[in-house]
Structures are given as structure tokens and as C-alpha cells.
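Visitor: Here is my input; please provide its structure:
(one chain, ligands or ions: 1)
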Amino acid sequence: EIVESFHDLPSTHFDFIIIGGGTAGNVVANRLTENPKTKVLVLEAGGSPDGDLNTIVPLFCLRATPNTSIDWNYTTVPQAGYNNRAVHYPRGRVLGGSSSVNFLAYTRGTADDWDRYARVSGDYGWSWDHMQKYFLRNERWVEPADHHATTGQFDPTVHGFTGVNSVSLAGFHTPLEDRFITAANQSQPNSKYAFQLDHNSGQQLGISYVQSTIKDGERSSSATSYLAPQYANRKNLYVLLHAQVSRVLNSNKNKNSRPSFDTVEFTDGVGGPLHRMQAKKEIILSAGSVDSPHILLNSGIGDSGALEDVGVEAVHHLPSVGRNLSDHPIVTSFWLVNAKDTDTFDLMLRNETVGKEAFELWQTNRTGPLVDTVFNTVAFVRVPPDADVFKKFPDQDPSPGPNTAHIELVPMPGHLFAPFPDTGHYVTISAGLLQPTARGTISLRSNNPFDAPLIDPNYLSNDFDVALMREGIKIAREVLTLPAFDGYIISPLTNSTTDDEIDEYVRDSALTFFHPVATCAMSPQNAKYGVVDPDLRLKGADGIRVVDASVLPFTPAGHTQAPVYAVAERASDIIKCHWNI
Ligand SMILES: Cc1cc2nc3c(=O)[nH]c(=O)nc-3n(C[C@H](O)[C@H](O)[C@H](O)COP(=O)(O)OP(=O)(O)OC[C@H]3O[C@@H](n4cnc5c(N)ncnc54)[C@H](O)[C@@H]3O)c2cc1C
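Guide: From the prediction side, this is the model:
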């Protein structure tokens with residue numbers, strides 16, 4: 001049952017208390033309550049996404065964040081690498097978490113990525129091969145909204161058709177998609193723009209069709225899928241909305257022995273009374289890469305010295321909490337193009353009447369431009385070994401293997417970000433830096449647990465990352481010189497040409513690609529560094545596990561929701577096995 005007030009909870013004890021009804025938390029809630037004897041409570045700070053079109057209409061992902069009631073509305077600290085700009089740092093504050101507000105792209109990362117997770121955690125269970133069953137358990141492949149024939153647009157042998165969370169190809173065709181696919185088909189098989197049948201096959205390099213978490217023209221989130229009514233109505237599952245957790249508490253009164261966390265402190269309205277509830281078996285911390293470390297730090301779990309500096313009593317010295325934050329920077333460029341009104345989304349974005357018509361199409365029968373996210377095709381590209389960056393830094397390649405991209409290109413049909421130009425048609429290409437080496441931090445601003453944390457991704461803080469990002473901009477420009485774009489491009493909206501000018505454009509305009517990880521990173525069982533062990537248990541303590549994006553020690557080469565779903569599926573198995581449920 002999903003309830004809105006603390007007083008609607010039964011007085012019974014819960015076996016598991018899950019902090020955060022987001023992408024990962026709802027998977028664990030669903031899987032643990034498959035056994036009717038297991039009682040689970042989910043505490044979610046946000047409300048229900050039901051009826052909120054910004055969480056339902058796929059293209060309205062453009063409006064879901066930032067600065068909305070379903071966003072935590074975080075901002076980074078000023079970023080030296082971004083010319084001292086502080087940038088928005090959206091996170092979903094609503095049931096489904098960031099899966100309710102994200103841009104819906106479904107990318108698993110590569111075999112190289114997962115094999116690196118296995119290597120650095122010392123647990124083969126996190127390898128690509130072993131994780132396949134969890135991807136399949138998550139995924140329910142469905143037809144695109146327009147039911148077009150999809151043969152040759154993906155590889156059915158690598159997909160799941162009976163999982164929980166719906167995934168499909170784009171359901172509104174765009175001429176820009178044709179140009180990218182033509183560019184791919186015209187490229188030599190070994191070219192960086194060659195056609196890739198399926199970027200979720202373990203291989204990703206080249207241009208491919210985008211897969212996204214959409215069913216029948218509507219967003220599929222962890223709230224609509226894992227908490228669909230047949231699951232949310234289970235008698236052994238309670239989800240409390242508007243419940244913001246402040247801390248987890250150590251019940252071991254002997255301060256010199258191993259801490260044991262079994263109590264969660266929360267309020268069901270910030271400023272209101274604090275409640276405490278005890279988990280009989282475990283607390284599962286699934287508040288995401290910003291808030292999971294934030295809650296641990298508020299609880300006195302982190303670097304003791306740093307905690308005491310802000311007036312928080314240190315309970316468990318675990319210096320890696322909130323450290324190692326890794327996120328993809330992204331830089332967006334725009335070009336004026338030769339196109340018809342119906343070829344791009346420009347008219348729809350700048351003209352209210354055309355916008356309304358598009359919405360009516362969606363409302364009437366789930367067709368038209370609103371049924372998809374912002375891109376139908378994607379390019380995952382490796383920067384060639386003879387590029388300037390590798391001449392300057394000959395022995396540095398932070399990618400996990402030869403089949404993994406350094407750069408992701410996201411091509412969009414129109415000037416999709418405000419302020420919208422009054423006239424003209426555009427193409428937008430965002431270049432994401434998939435292999436950043438910079439590491440940042442989440443730390444406490446004060447000892448008030450309801451204060452926002454300090455978020456410092458430390459973007460572009462070293463010359464290598466800047467040089468690799470510059471290659472990304474060059475690749476975004478290069479792709480548009482392929483024959484498939486002949487006669488299409490009129491002019492770029494930015495005129496940076498020298499390396500210094502490109503770097504300045506990057507520093508002036510880069511943002512987050514929304515993929516923070518590693519703030520509660522897993523490490524081998526006996527390693528002194530790291531926050532959780534390979535079974536995702538908090539190191540050196542009992543009673544608490546972290547299950548969300550924060551446990552991934554490196555960013556995957558792509559978007560993070562599919563990896564988080566798979567981590568949560570495997571974590572559920574680990575927990576069930578541990579408790580024999
Ligand atoms: C704008 C945006 C666009 C993105 N686009 C894509 C994309 O296209 N494809 C993709 O794969 N990934 C994308 N991502 C990233 C992806 O959505 C996230 O990596 C993933 O959803 C994170 O899952 P999670 O479970 O770690 O955290 P979340 O899903 O964020 O869940 C955390 C939950 O915990 C709750 N919570 C936090 N603190 C507390 C507290 N103190 N008490 C109670 N509850 C709390 C939150 O409200 C939230 O519901 C995007 C993210 C954003 C924000």
C-alpha cells in the first residue's frame with residue numbers, strides 16, 4: 001500500500017526499511033515482498049508521480065527538472081573547471097526517483113565496464129556475463145509507440161521480454177534519425193561511425209538506434225513498473241510518501257565495538273516531529289549518489305575528522321563515504337540547418353499552437369513527437385589513438401577496455417534547450433565525456449540533516465579531462481561533415497575554432513550528464529578503502545546495505561539507470577539468499 005501519512009502505517013514491525021523509493025529502492029521493495037512473510041517499508045521523501053504529465057509524457061522530460069516540485073533542486077558548488085559556474089544538479093524527488101524524471105535512455109554499459117566492476121570489487125558476480133540474468137529480469141522489451149517494423153534496429157537475442165520495466169525503440173520517426181543511420185551505413189565497418197546493431201549487447205561502438213524506458217508512448221519508471229498496483233497492493237509492502245530520512249542510528253551502546261544500525265529517523269514533513277522505526281533484519285539505503293552518502297554522513301558515518309569539523313558526532317570512521325564522486329560532463333552545441341517545419345521540433349517548442357497540437361496527438365492516441373525522449377539515434381565513439389589527447393598523454397586511457405567509448409554523442413532534432421531561437425531550424429548535439437578521471441565529493445554543509453549537502457563533482461579539474469572533452473567536441477563536428485549531412489548544415493551557432501577557444505566554450509557551457517556514481521563505492525571484502533563490500537554491506541558495521549548508483553566504483557560508458565536496475569536486481573538476490581527468504 002502507498003500511504004501519505006505516518007499515521008496510516010500499521011504498528012507492526014518491518015523486516016526491512018528501504019530509504020528512498022527511487023530507481024533501485026523500488027526494485028528491492030518489489031523483490032523482497034515476493035515472499036508474503038517478508039514485511040517491507042519504503043520511506044520516500046517525494047510524493048506520487050500519478051497524474052504529473054512531466055513524469056508521464058516522454059518528451060516532457062525536458063520540463064521535469066530542474067527547479068520543479070519533483071526535483072531536489074540541488075546546485076553544485078562553483079566549479080573551477082567550469083569557469084567557476086555552479087550548475088544545476090537534478091535528482092528526482094518523487095516516487096520512482098530519478099527514473100521518474102530522467103531522459104529515459106536505456107543503456108547497460110559495456111562488457112568492459114562490468115568486467116572492471118568485477119575486477120575492482122573482487123567479485124565475479126558483477127561481471128558482464130553474470131549480470132545478464134539481472135538485465136533480463138529487469139527488462140520487458142515492447143513495441144515502439146508507432147508499432148513500426150523493428151527488424152535490423154536491435155538484436156532481440158540480447159533482450160528480456162518478460163521482465164518488469166518496459167524498454168522500446170523510438171516511436172516517432174525523424175529525418176535526423178535517417179541521416180545518422182545513413183551516415184552509419186555509408187561508413188566502413190571499422191570506422192568510428194559504423195552501424196552498431198545494438199548498443200546493449202556488450203559492444204556499443206558506432207551509431208545505433210536508441211532504446212528507452214517507454215511503453216505505448218508513456219514513461220516506464222520504477223514507480224510505474226516495480227510498484228504497479230499488483231505489487232504496491234501487496235499486504236506486506238508499505239510505501240510512505242513525504243517521509244524524509246535524517247539519520248540511521250547505531251543501537252550498539254558499546255562505543256568500542258562494531259556498530260549496528262537498525263533504526264531510521266525521519267520526518268513526514270520537514271520541520272515536523274521526528275519519528276523512529278526499527279528494521280528487524282536490515283536497513284537498505286537507496287537514496288541515490290547524492291543522498292545516500294549525505295544520510296551516512298549525517299549519521300556520523302564517514303571521515304571522523306571532517307564530521308567533527310561540522311559538529312557531527314563520529315560514530316563509524318569510514319573515510320570513503322562521499323568521496324570519489326564521478327560524473328560525466330556534457331557539452332551541447334547547436335547548428336542552424338536546412339530543414340522543413342515538420343523535420344525538427346523547433347516550431348513545436350516556440351509556437352504554443354503547434355505545441356498544443358502535438359500534445360493533443362499524444363493525448364488522443366499516444367502518437368506524435370511527444371512519445372519519445374529527445375534522441376532516436378546515438379553514437380558511442382572511441383577517440384583514436386593518434387588523437388592529440390593521446391599524443392600529449394601517451395599512457396593514459398581511462399576506459400575499461402578497447403570496446404568502450406570515450407565519448408557519447410546525443411543528436412537532437414531542433415534547438416531543444418531554452419532560450420529557443422525565434423526563427424530557423426536546428427540540430428543539437430550533446431557530447432558526453434564518458435571516461436572522466438576527475439573525482440569529486442559530497443560533504444556536509446552543516447550538522448542540520450535537512451540542509452542540502454555540498455556537491456562538488458570537480459569537473460574538468462585536470463588537463464587530461466579537458467583534452468578528452470575537446471576531442472568530443474571535435475567528433476560532434478566531424479560527424480556532421482559525413483556525406484549524409486551534405487547540404488544540411490547552414491552554420492554552427494558557436495564559432496570556437498582553436499583549441500583554446502573550444503576549451504573556453506567547454507568551460508563556459510558544460511553541464512552534468514546526470515550520472516553521478518561512486519560516493520558509496522564497493523571495494524573488495526577486506527579492502528580498507530571503499531564504503532561497501534561486494535555484497536553491498538556497509539564496511540565494518542552491521543545492519544545496513546547500500547543499493548543504488550552510489551555503489552558503482554566507476555561511471556559506466558553510457559547512462560546509469562539500466563546499470564542501477566541491474567545492481568538492484570542482483571542486490572535483491574543477495575539479500576534474499578542471505579536471509580533465506
Ligand atoms: C534529469 C536526469 C536525466 C537523466 N537521464 C538519464 C537517461 O536518459 N538514462 C539513464 O539511464 N539515466 C539517466 N539519468 C540517471 C539515472 O536516472 C540515475 O542514475 C538513476 O535513476 C539513479 O537511481 P538511484 O536509485 O541511484 O537514485 P534515484 O532514482 O534518484 O532514487 C533515490 C530516491 O531516494 C529518495 N531520497 C533521497 N533522499 C532521501 C531521504 N533523505 N529520505 C527519503 N528519501 C530520500 C529520492 O527522492 C529518490 O526517490 C538521469 C538523471 C537525471 C536526474
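Visitor: thinking residue 47 is in contact with residue 100, fair?
Guide: No. Taking contacts as Cβ atoms under 8 Å, residue 47 lies outside contact range of residue 100: 10.6 Å. (Each C-beta comes from the backbone N, C-alpha and C, glycine too.)
Visitor: Quick check: neighbours shared by the two?
Guide: Counting by Cβ atoms under 8 Å, 6 or more residues apart in numbering, the common neighbours of residue 47 and residue 100 are 70, 94.
Visitor: So between these two, which is more surrounded?
Guide: Taking other Cβ atoms under 10 Å, residue 47 and residue 100 do not tie; residue 100 has more neighbours (28 against 15).
Visitor: mind listing what that one touches?
Guide: Per Cβ under 8 Å, 6+ apart, neighbours of residue 100: 49, 55, 64, 70, 92, 94, 219, 221-223.
Visitor: Can you select the buried ones among those for me in PyMOL?
Guide: In PyMOL, this line selects whichever of the contacts of residue 100 come out buried by 16 or more other Cβ atoms under 10 Å:
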select buried, resi 49+55+64+70+92+94+219+221+222+223
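Visitor: tell me, which of the contacts of residue 100 make contact with the ligand?
Guide: residue 92 (Cβ under 6 Å from any ligand atom).
Visitor: Which ones among the contacts of residue 100 map onto strands?
Guide: residue 219 (DSSP state E).
Visitor: Adding pLDDT, write the contacts of residue 100 out as CSV.
Guide: Output for those, formatted as CSV (pLDDT from 0 to 100):
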residue, pLDDT
49, 98
55, 98
64, 98
70, 98
92, 98
94, 98
219, 98
221, 98
222, 98
223, 98
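Visitor: for the contacts of residue 100, which one is nearest the ligand?
Guide: Nearest to the ligand, judged by Cβ to the nearest ligand atom, of the contacts of residue 100 is residue 92 at 5.0 Å.
Visitor: my guess is residue 493 meets residue 333, correct?
Guide: Yes. Taking Cβ under 8 Å as the definition, residue 493 is a contact partner of residue 333 at 7.3 Å.
Visitor: quick one: which of those two has more around it?
Guide: A count of neighbours by other Cβ under 10 Å puts residue 333 above the other of residue 493 and residue 333, at 19 against 13.
Visitor: Okay, residue 515 and the ligand: tell me how far apart.
Guide: Taking Cβ to the nearest ligand atom, to the nearest Å as the measure, residue 515 falls 6 Å from the ligand.
Visitor: cool, residue 115 as well?
Guide: 20 Å.
Visitor: That residue and residue 400: what is the separation?
Guide: To residue 400, residue 115 is 7 Å away according to Cβ to Cβ, to the nearest Å.
Visitor: Residue 484 too?
Guide: Relative to residue 400, and taking Cβ to Cβ, residue 484 is found at 31 Å.
Visitor: More neighbours: which of these two?
Guide: With neighbours defined as other Cβ under 10 Å, residue 484 and residue 400 compare such that residue 400 has more, 22 against 19.
Visitor: so that one makes contact with residue 118?
Guide: No. If you go by Cβ under 8 Å, residue 400 and residue 118 don't touch, sitting 10.6 Å apart.
Visitor: Name the SS class of residue 442, please.
Guide: Secondary structure assignment for residue 442 (DSSP: H, G, I helix; E, B strand; the rest coil): strand.
Visitor: quick one: low-confidence parts of the protein?
Guide: Along the chain, no part satisfies pLDDT under 70.
Visitor: May I ask you to name the longest strand in it?
Guide: As assigned by DSSP E, the longest strand anywhere in the chain is strand 274-285.
Visitor: Could you spell out the sheet neighbours of that one, each with its direction?
Guide: Here strand 274-285 is paired, per DSSP bridges, with strand 14-19 (parallel), strand 261-267 (antiparallel), strand 544-546 (parallel).
Visitor: what's the burial count for residue 259?
Guide: 23.
Visitor: That one touches residue 318, doesn't it?
Guide: No. Applying Cβ under 8 Å, one finds residue 259 not in contact with residue 318, separated by 9.9 Å.
Visitor: Pull up the overlap in contacts between the two.
Guide: Listed as contacting both residue 259 and residue 318 by Cβ under 8 Å, 6+ apart are residue 540.
Visitor: Who are the packing partners of the helix or strand following the longest strand of the chain?
Guide: Next in sequence after strand 274-285, counting helices and strands by DSSP states H and E, comes helix 288-298. Applying 3 or more Cβ pairs under 8 Å, 6 or more residues apart in numbering; DSSP states H and E, one finds that helix 288-298 contacts strand 244-250, strand 274-285, strand 441-443.
Visitor: In a markdown table, list those along with mean neighbour count.
Guide: Output for the helices and strands packed on helix 288-298, formatted as a markdown table (neighbours: other Cβ atoms under 10 Å):
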| stretch | mean neighbour count |
| --- | --- |
| strand 244-250 | 22 |
| strand 274-285 | 20 |
| strand 441-443 | 23 |
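Visitor: Among these, which comes closest to the ligand?
Guide: Closest among the helices and strands packed on helix 288-298, once you apply Cβ to the nearest ligand atom, is strand 244-250, at 3.6 Å.
Visitor: Note down every partner strand of the closest one and its orientation.
Guide: strand 261-267 (antiparallel).
Visitor: So which residues make contact with the strand it pairs with?
Guide: Strand 261-267 is contacted by residues 17, 19, 43, 243-251, 273-279, 283, 299, 450, 538, 541-544 when judged by Cβ under 8 Å, 6+ apart.
Visitor: Spell out which parts of the stretch 151-300 of the chain neighbour the ligand.
Guide: Residues of the stretch 151-300 of the chain found near the ligand, taking Cβ under 6 Å from any ligand atom as the criterion, are 243-245, 286-289, 291, 295.
Visitor: ok, 5 Å please
Guide: Within the stretch 151-300 of the chain, the positions adjacent to the ligand are 244-245, 287-288, 291 by Cβ under 5 Å from any ligand atom.
Visitor: Before I go, just wanted to say thanks for your time.
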